[in-house]
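In: build me a model:
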Amino acid sequence: MNSVEFEGVSGQQLERLAHIEFLAYFTGKVTRKDIMARFDVGSAAATRDLGTYIEAAPENIVYDPRRKHYVTTNNFKCLLPLSADKCLSTLTSGFGDVMDSKEEFRCAHLIALEKPDLDITATFSRAISSNRPVEITYVSTSNGESTRTVCPHSLMNNGLRWHARAYDRKRSKFSDFVLNRVVTAKLIHTEHAKPSETVNEDVDWTENVDLVIEAHPRLDSHHRLAVEKEFGMSNGCFTKRARRAEVGYLLSTWNVDATTSADLKGKHILLHLRNAEEIKNMNIESFRLAPSLD
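Out: Sure thing, here's the model as predicted:
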C-alpha cells in the first residue's frame, strides 16, 4: 500500500479502492455499480470511493459521459502493490464476482510455468474488454523482433506459458501470442476490432473436438490398469473435449502420444490418442505441437 495516497483509509475502503484499481487496470473501465455489487454498499459510498481514488490518482481514470463510466487513461500507473498470483488467478476464473454477470471474459487455464508481465497482460486484458486492437513489438522464433497490430479476444494458459489469442493483421489470421515475448504493447483507443477480427470468426477457438485418450498400448497389464484407474477410464479410454486451438497444448502438457501407431517410447509416455488419425486429418494448426515422431 502507498501510505501517502491512502493515509487514514480504513481496511474495508482500501479493499474497495484496490478493486477499483484492478478493474481499471485489467478491464479499462469501472462504474459505481461495480463497487456496489461487489461489496454490497450504497451509491453514496461507491461515489465516495471513486472520489477518493481519483483524488489520489487523478491521471489514472476519467469519467466518460458518453459511455457513463470511468475509463482508464494512457497515463495509468498502479498505486497499490497488486499480487501477480491473485491477478492471474482472477483472470483465469473469468473475473469471478468482480465483473457484472452480463460480462464475459474468455480465459482458458492450465498450469503456468512462468508468470507474464502484468503491464503487458493488463494491456491485452483491457483490449479484450473494450474490443480494441493492440500495437505490439513481438519476438517470434521464426522472424525475430517485429511490430504488428493484433486484435485479442482471449487469454490462455497452456501449461507452460500465457498466450493471448488474437487476430494478427500482419498475417491475416488468428494466432497465439506468448505474453512474455511481447516487448511493448499499446492499446489503440481510436478504433475497434472489425467483425472479421473477433472471437466469433476464430473457428479454432469456437469449435471443439473430442480427443479419445487411452492407456498407452505398450504398457503391460498392471501398468495399464493403474493408468485406467488414475484417469477414470471406461472401456479402456476417456474422452476429453477441447477447443481446436488447445489440442496441441493439451496433448503436449499430458505427454499424450499423438502418433497413429502409438510409436513413442519413454516412461513419461503413459497415454495415447486413440483417434490420432481422425484428429490429424482435421488439419488443426495446434496439433503440430502434440508429441509425435516429427
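In: span of stretch 177-191 from start to end?
Out: Here the two ends of stretch 177-191 are set 21 Å apart, with distance taken as C-alpha to C-alpha, to the nearest Å.
In: what ranges do the helices span in the chain?
Out: 11-27, 32-39, 43-56, 84-92, 118-130, 203-206, 221-230, 247-253, 276-280 (DSSP state H).
In: mind listing what's buried along the first one?
Out: Under the neighbour-count criterion of 16 or more other C-beta atoms under 10 Å, helix 11-27 has 13, 16-27 buried. Quick note: C-beta positions are derived from backbone N, CA and C, even for glycine.
In: centre of the chain to that helix, how far?
Out: Chain-centre distance of helix 11-27: 20 Å, with C-alpha atoms, centre = their mean, to the nearest Å.
In: ok, the fifth one next?
Out: Its chain's C-alpha centre and that of helix 118-130 lie 10 Å apart, by C-alpha atoms, centre = their mean.
In: list the buried ones in that helix?
Out: L118, I120, T121, A122, T123, F124, S125, R126, A127, I128, S129, S130.
In: in this structure the third one contacts L179, no?
Out: Read that as T121. Yes - assessed by C-beta atoms under 8 Å, T121 is found in contact with L179 at 5.8 Å.
In: now for these two: what residues contact both?
Out: L155, W162 (C-beta atoms under 8 Å, 6 or more residues apart in numbering).
In: how much space separates the closest residue to S129 other than its chain neighbours from T190?
Out: Closest residue to S129 apart from its sequence neighbours, by C-beta to C-beta, 6 or more residues apart in numbering: T27 at 4.1 Å. Distance, T27 to T190, using C-beta to C-beta, to the nearest Å: 19 Å.
In: excluding chain neighbours, what is closest to L289?
Out: G248 (3.2 Å).
In: which ones are touching that neighbour?
Out: G248 touches I284, E285, S286, F287, R288, L289, A290, counting by C-beta under 8 Å, 6+ apart.
In: neighbours of the fifth one, how many?
Out: The tally of other residues near R288 (other C-beta atoms under 10 Å) stands at 12.
In: could you do D220 as well?
Out: So D220, with other C-beta under 10 Å, has 7 neighbours.
In: can we start the residue count at 10 from this point?
Out: From this message on, residue numbering opens at 10, which makes the last subject D229.
In: thanks a lot, catch you later.
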